[in-house]
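Engineer: compute the structure for the input listed below.
(one chain, ligands or ions: 1)
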Amino acid sequence: MVFRLGYRKFSLKIVQNVLYSSNISKMSTNIPQFEHLSVSVPKEFVYHVELNRTDKLNAMNNAMFKEITRCFETLSDSEDCRVVVLSGSGKIFCAGIDLKDFAQNSLPAVALIEDPARKAKLLYQLCTLYQKSMSSLEHCKKPVIAAIHGACIGGGVDLVTAADVRHCTKDAYFVVKEADVGLAADIGSLQRLPKVIGSDSLARELCYTCRKFPADEALTSGLVSKVYNDKDTMFESVINIAEDIAKKSPVAIQTTKASLVFSRDHTVEEGLEHIALLNQLMLQSEDLATAATGQLMKDSNIQFSKL
Ligand SMILES: CCC/C=C/C=C/C(=O)SCCNC(=O)CCNC(=O)[C@H](O)C(C)(C)COP(=O)(O)OP(=O)(O)OC[C@H]1O[C@@H](n2cnc3c(N)ncnc32)[C@H](O)[C@@H]1OP(=O)(O)O
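Structural biologist: You can find the predicted model right below:
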């Protein structure tokens, strides 16, 4: 046993040297820094990512879209992060895409190109850049809890529907705003919202009308699972939830997320096969015996190795 433990530590060291010999290791121990996102660690293994363009109501410009991707890719790989809480700074959660940035920078770049095929290529690249950003929450191996206050508009809805869990304040409202600004939502709402709320009819109504969808309706439809009186109460609660999740086996939680995400888009049979294949590996983890023993011993303070 002593030998095996020593061997494990030794081999982990080698793996860490191989994988993390560049600045990735710094990222896994340091808190990543961004211009439009503020990242902090309120509890052990719990990361808080805050949209931070307060003066523009957290409207997402191209730089912010790219930062969201980098941030969630970094946290996905960081062994110090087990759960992410996502919120918005200032008056509201998010005013959607930065319409000025889009009109003044993105569209003029497209207009400069004459040939339709080359124009189309640039538009495709822009669209997939934004899609990649929203999907980075879903691709992040760690559960993401969105805490939403005030308005959550357009791209904001795309963003939160890619999160695992959504809570909001009673003053929150949601708007699938894209049709109002002359476009079909193309970065996640049309794809995820019907699945999140489980009502195709309601999702279509929201996407066609662009009407405000208030917190109470968001709760009854299942877009959010809890509504709070104010932002501080919500934040305290979601951090507690995140802390609870972070105390569990990271192997169990990350495999659970992988299975839930896969199963949403596959048949039950395919989902069962997927988790059987994952668990033929993951059930070999030391976490299984550690967690099961803890349950039997009624020990609520079990520690799991970093993953
Ligand atoms: C290929 C594309 C894929 C992406 C698709 C995504 C699409 C979308 O997101 S569509 C939705 C776009 N967003 C909107 O239409 C919302 C626009 N904003 C508002 O309606 C109001 O600002 C709001 C109701 C949210 C709040 O109103 P309030 O009176 O409280 O504040 P304002 O004075 O209007 O705003 C304060 C400053 O923030 C700037 N701002 C707000 N939203 C945006 C935005 N979306 N883009 C850029 N800037 C925004 C606003 O201009 C003010 O700035 P300043 O004038 O410099 O003080």
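Engineer: helix or strand right after the longest helix along the chain?
Structural biologist: Criterion DSSP state H: the longest helix present in the chain is helix 116-139. For helix 116-139, the following helix or strand on the C-terminal side (DSSP states H and E) is strand 144-148.
Engineer: what does that next one contact?
Structural biologist: Here strand 144-148 makes contact (Cβ atoms under 8 Å, 6 or more residues apart in numbering) with 72, 83-88, 93, 137, 156, 159-160, 162-169, 172, 174, 224, 231, 234-235, 238, 241-242. Heads up, the C-betas are built off the backbone N, CA and C, glycines and all.
Engineer: centre of the chain to that strand, how far?
Structural biologist: Centre-to-centre, strand 144-148 and its host chain are 8 Å apart (Cα atoms, centre = their mean, to the nearest Å).
Engineer: number of residues surrounding residue 220?
Structural biologist: 10 (other Cβ atoms under 10 Å).
Engineer: now swap in residue 164 and tell me
Structural biologist: Using other Cβ under 10 Å, residue 164 has 19 neighbouring residues.
Engineer: any low-confidence regions in the stretch 51-200 of the chain?
Structural biologist: Nowhere does the stretch 51-200 of the chain drop to pLDDT under 70.
Engineer: quick one: buried residues of the longest helix of the chain?
Structural biologist: Neighbour counts over helix 116-139 (16 or more other Cβ atoms under 10 Å) mark 123, 126, 130-138 as buried.
Engineer: near the ligand, from those residues?
Structural biologist: With the criterion set as Cβ under 6 Å from any ligand atom, the members of those near the ligand are 126, 130.
Engineer: all helices for the stretch 51-200 of the chain, in order.
Structural biologist: 62-77, 99-101, 107-111, 116-139, 155-161, 189-197, 200-209 (DSSP state H, counting those that start in this stretch).
Engineer: nearest to residue 54, of the ones you listed?
Structural biologist: Between residue 54 and the helices of the stretch 51-200 of the chain, the tightest spacing by Cβ to Cβ is seen for helix 62-77, at 12.4 Å.
Engineer: helices and strands around the closest one, which ones?
Structural biologist: Judged by 3 or more Cβ pairs under 8 Å, 6 or more residues apart in numbering; DSSP states H and E, helix 62-77 is in contact with helix 24-29, strand 37-43, strand 46-51, helix 116-139.
Engineer: residues contacting residue 39?
Structural biologist: Residue 39 neighbours (Cβ under 8 Å, 6+ apart): 31-33, 47-50, 71.
Engineer: beta partners of it?
Structural biologist: Going by DSSP bridges, residue 39 is paired in beta bridges with residue 49.
Engineer: show residues contacting stretch 96-107.
Structural biologist: By Cβ under 8 Å, 6+ apart, the list of residues contacting stretch 96-107 from outside reads 56, 59-62, 64, 126, 130, 153-156, 177, 181.
Engineer: hmm, 10 Å instead?
Structural biologist: The contact list for stretch 96-107, computed with Cβ atoms under 10 Å, 6 or more residues apart in numbering, reads 36, 53, 56-65, 122-123, 126, 129-130, 151-159, 175-178, 181, 183, 187.
Engineer: list every C-alpha atom in stretch 199-211, with coordinates, as PDB.
Structural biologist: Only the C-alpha atoms of stretch 199-211 are listed here, as PDB (Å, rounded to 0.1, in the frame of the first residue of the first chain):
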ATOM      1  CA  SER A 199     -42.300  23.200 -24.000                       C
ATOM      2  CA  ASP A 200     -41.800  23.600 -27.700                       C
ATOM      3  CA  SER A 201     -44.900  25.800 -27.900                       C
ATOM      4  CA  LEU A 202     -43.800  28.200 -25.200                       C
ATOM      5  CA  ALA A 203     -40.200  28.300 -26.600                       C
ATOM      6  CA  ARG A 204     -41.600  29.200 -30.100                       C
ATOM      7  CA  GLU A 205     -43.900  31.800 -28.600                       C
ATOM      8  CA  LEU A 206     -41.000  33.500 -26.800                       C
ATOM      9  CA  CYS A 207     -38.700  33.400 -29.900                       C
ATOM     10  CA  TYR A 208     -41.300  34.800 -32.300                       C
ATOM     11  CA  THR A 209     -42.700  37.500 -30.000                       C
ATOM     12  CA  CYS A 210     -39.500  38.600 -28.200                       C
ATOM     13  CA  ARG A 211     -41.700  39.300 -25.200                       C
END
